[in-house]
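*Asks:* Quick one, structure for this:
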Amino acid sequence: ASYVRAQRAPSAAELFSFGPHIGTRTYEIGALYELEDEHFEFHGETPELETSNNLDLSFKKFGGDFGIVFNVFYNQVDNYYYQTATGLFADDGHDHDHDHGEGDEHGEEESGELPVFIFQTDDVILHGFEAQVAWQINDEFNATVFSDLVRARLKDGGDLPRTPPVRFGTQFSYQTARLSAHLDVTRYQSQDKVADFETSTSGYTLVDLSVSYDLPILNDNLSVFFKGNNLTDTEARVHTSFLKDIAPRPGRNLSIGVKGYF
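*Replies:* Residues are numbered from 1 along each chain as shown. Okay, here's the model as predicted:
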């Protein structure tokens, strides 16, 4: 069991941002600005420190053929800094020779307009768990199951944006002197606990496979491998991403290669 009380000062970006962010395709506004008469004005008030009280309870077992890791946590954070959508849009600062439309089926606006996100502070509560069980079936086979959950909500009611959904899955591994193979199956549940102006995401299952074989040449420093990600070609949108409505995760992708160590 552990208890930690911590404080941090907000970063310069959290306080003073005012402009387009290319990486997230948003228009960022810092916490030192307020919306007044359809314009953001600098108020210059002294920023608050973010203060957290964190309680963790853990149980771990590593001996024998079974390994267990289980952790539950409860974090209460005062003046938590986070970005939230305003429902407003701003010009991206580039010239465009076409009109703005209504957006596509995922809510994407036309090129030239960026959704405005503002940093703000609230008292929040974060709680959840992490669990993992590993079983060494024999010298070659190993199986692992895992799950994790975080619930992120405002103390006065409401949900924090971009909170990851419940996740659970399993991994099967086969390992010999020359051959190694790993099959991963991970399920991400749907996420409908969303903030204002935030879209929900559907659940999806990802299946990944990797196989590697060490060749008995060049002192075993050469191997051939196969790697396949998202083998079922599932449409997967990451709820924590600012770009989830316009950029899903990659579809099925396969690679075969030769790898050498020297």
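
*Asks:* Only C-alpha atoms from now on, for both contacts and neighbour counts.
*Replies:* Fine.

*Asks:* the longest strand in the protein is where?
*Replies:* What stands out as the longest strand in the chain, according to DSSP state E, is strand 66-91.

*Asks:* residues of it that come out buried?
*Replies:* Neighbour-count burial for strand 66-91, counted by 16 or more other C-alpha atoms under 10 Å, picks out 68, 70-85, 89.

*Asks:* Pull the distance from that strand to the chain's centre.
*Replies:* Taking C-alpha atoms, centre = their mean, to the nearest Å, the mean C-alpha location of strand 66-91 is offset from the chain mean by 10 Å.

*Asks:* what helices or strands is it leaning on?
*Replies:* Applying 3 or more C-alpha pairs under 8 Å, 6 or more residues apart in numbering; DSSP states H and E, one finds that strand 66-91 contacts strand 50-61, strand 113-136.

*Asks:* Starting from it, tell me which strands it pairs with and how they run.
*Replies:* Its sheet considered, strand 66-91 pairs with strand 50-61 (antiparallel), strand 113-136 (antiparallel) by DSSP bridges.

*Asks:* And the contacts of stretch 251-260?
*Replies:* 221-235 (C-alpha atoms under 8 Å, 6 or more residues apart in numbering).

*Asks:* Just the buried ones from the residues you listed?
*Replies:* Buried among the contacts of stretch 251-260 (16+ other C-alpha under 10 Å): 222, 223, 225, 227, 228, 229, 230, 234, 235.

*Asks:* mind checking how far stretch 205-223 is from the chain centre?
*Replies:* Centroid displacement of stretch 205-223 relative to its chain, using C-alpha atoms, centre = their mean, is 29 Å.

*Asks:* What about residue 16? Give its phi and psi, please.
*Replies:* The phi and psi torsions at residue 16 (degrees, to the nearest 10) take the values phi -110, psi 0.

*Asks:* Let me see the contact set for the nearest residue to it once chain neighbours are set aside.
*Replies:* Of all residues not flanking residue 16 in the chain, residue 30 sits nearest, at 4.7 Å (C-alpha to C-alpha, 6 or more residues apart in numbering). Residue 30 makes contact with 13, 14, 15, 16, 17, 18, 118, 119, 120, according to C-alpha under 8 Å, 6+ apart.

*Asks:* which stretches of this protein form helices?
*Replies:* For the chain, the helices defined by DSSP state H occupy 12-16.

*Asks:* can you pull out the strands in it?
*Replies:* 2-8, 18-21, 26-29, 33-36, 39-42, 50-61, 66-91, 113-136, 141-154, 167-175, 179-188, 204-215, 222-229, 253-260.
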